[in-house]
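Chemist: Structure for this input, please:
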Amino acid sequence: MPSPAPRPQSAPSDLDPRRHRRVSREREPIEARLDLHGHGRFQAEDVLTGFLLRAHQRGLRVVLVITGHGRRAGGGEGVIRASLPEWLRSHALRGVVAAYAPAHRRHGGEGAWYITLKRS
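Modeler: Numbers count the residues shown, from 1 in each chain. Next comes the predicted model:
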């Protein structure tokens, strides 16, 4: 009997509001953190991908990624912060990332993201 076709991996979604509240109130632990300050765009993407793949492999469920706000010159947001959602939806991370949302102010606010990982 042929094996079933693999299910297409869905792109990550917005973090469920109830889970966002649990993480922001530290009722669900943040199990790892990554600070992308000081990295260029391409290096940050590589570091993020490696970090999330290792975290997923270790069975972690919630991580915090700090991007910073970026340089505000000209009113724009930082390149890394603006690129992060695109990176999380990439083919390389589609099987790993379940959902993501901007962090609460106590965890970095708009300069950080909660990322939930799929079960291994």
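Chemist: all strands for the chain, in order.
Modeler: Secondary structure of the chain by DSSP state E: the strands cover 13-14, 32-35, 62-66, 97-102, 112-117.
Chemist: Worst mean pLDDT among these?
Modeler: Per-stretch mean pLDDT for the strands of the chain is lowest at strand 13-14 (a mean of 74).
Chemist: Can you name every helix or strand that the longest helix belonging to the chain contacts?
Modeler: Assignment by DSSP state H gives helix 41-57 as the longest helix of the chain. Identification of packing neighbours for helix 41-57 by 3 or more CB pairs under 8 Å, 6 or more residues apart in numbering; DSSP states H and E yields strand 32-35, strand 62-66, helix 79-88, strand 112-117. Backbone N, C-alpha and C define where each C-beta goes, glycine included.
Chemist: rewinding a little: tell me the most buried of the strands of the chain?
Modeler: strand 112-117 (a mean of 24; mean count of other CB atoms under 10 Å).
Chemist: That one packs against which elements?
Modeler: By 3+ CB pairs under 8 Å, 6+ apart, strand 112-117 packs against helix 17-24, helix 41-57, strand 62-66, strand 97-102.
Chemist: Compute the inter-axis angle for the third one and helix 17-24.
Modeler: Spelled out, that is strand 62-66. Strand 62-66 runs at 70 degrees relative to helix 17-24, counting by axes from the mean of the first three to the mean of the last three CA atoms, to 10 degrees.
Chemist: what angle sits between strand 62-66 and strand 112-117?
Modeler: Computed by the same axes, to 10 degrees, the angle between strand 62-66 and strand 112-117 is 150 degrees.
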